[in-house]
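# here is my input, please return the structure:
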Amino acid sequence: MNDTNLTTTTEAASAAEAASAAEAAERLIAEFRALPAGNDRKREIITELDANTQALPFLVSVVADPGEYDLARVESATVLRLWPPADPALRHEAGRALLTALRDPAEDLVRQYAAMSLAPYTDDPVVATVLDTTARADEDPLVRDSARFSIEEAHRLQETGAGGP
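Just a heads-up that it's a prediction; the model follows:
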């Protein structure tokens, strides 16, 4: 087998993998949307979408939605911390969605996870400023600690070069 055939085979396998991931994401997202607001299956679905890059725009919308199930928002924030979008526009949107969740006065747990998940997004000056302010002045000590964790994580990511888009 020559190099051209190997490349074509690898590209075909990658395309099939991407199509499969897209189908799985579509199926799980449709199931998520069909469930009632407080159904814990929503959290499980977000966990199943972990590392599925096709689902990232959906996860951004979940974390930003104050009417969504709180544990689904927490899981979405966690996935966005572990798998930040490579696309600069979606990455920016994800950072802003996490800021929206951070400002949700009714959901302390969501706020904690949003603060903890902002490290990969601190290249956005607004995110960096809000995170710094939160770490110093938020009234909830757990949110403050989560913001401090995120700042430390952002520094570590910058030092290792792992935090870039």
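
# helices or strands next to the helix or strand hosting residue 145 in the packing?
Assessed by DSSP states H and E, residue 145 sits inside helix 141-160. Counting contacts by 3 or more Cβ pairs under 8 Å, 6 or more residues apart in numbering; DSSP states H and E, helix 141-160 packs against helix 108-116, helix 125-137. In short, each C-beta sits where N, CA and C put it, glycine included.

# and the helix or strand of the chain with the lowest mean pLDDT, what does it pack against?
The weakest-scoring helix or strand in the chain, judged by mean pLDDT, DSSP states H and E, is helix 3-34 (a mean of 81). If you count contacts as 3+ Cβ pairs under 8 Å, 6+ apart, helix 3-34 packs onto helix 41-48, helix 56-64.

# in it, what counts as buried?
For helix 3-34, the neighbour count (16 or more other Cβ atoms under 10 Å) marks 21, 25, 28, 29, 32 as buried.

# for the residue nearest to the last one when sequence neighbours are not counted, report the pLDDT, please.
When the adjacent residues along the chain are set aside, residue 32 lies closest to residue 45, with 4.7 Å between them (Cβ to Cβ, 6 or more residues apart in numbering). You'll see residue 45 listed with a pLDDT of 97.

# kindly report the same for the one 5 residues further on.
Residue 50 is assigned 90 on the pLDDT scale.

# chain neighbours aside, what residue packs nearest to it?
The shortest distance from residue 50 to any non-neighbouring residue, by Cβ to Cβ, 6+ apart, is to residue 79 (5.4 Å).

# next up, phi/psi of residue 73, please.
Backbone geometry at residue 73, expressed as degrees, to the nearest 10, gives phi -70, psi -40.

# from here on, count from 366
Sure, I'll start numbering at 366, so the last one becomes residue 438.

# do I have it right that it meets residue 467?
No. With contact defined as Cβ atoms under 8 Å, residue 438 does not reach residue 467; the gap is 11.1 Å.

# between those two, which has more neighbouring residues?
Using other Cβ atoms under 10 Å, the more surrounded residue of residue 438 and residue 467 is residue 438, with 30 against 27.

# for the more buried one, which residues are in contact?
Contacts for residue 438 were tallied using Cβ atoms under 8 Å, 6 or more residues apart in numbering; they are 427, 428, 430, 466, 472, 475, 478.
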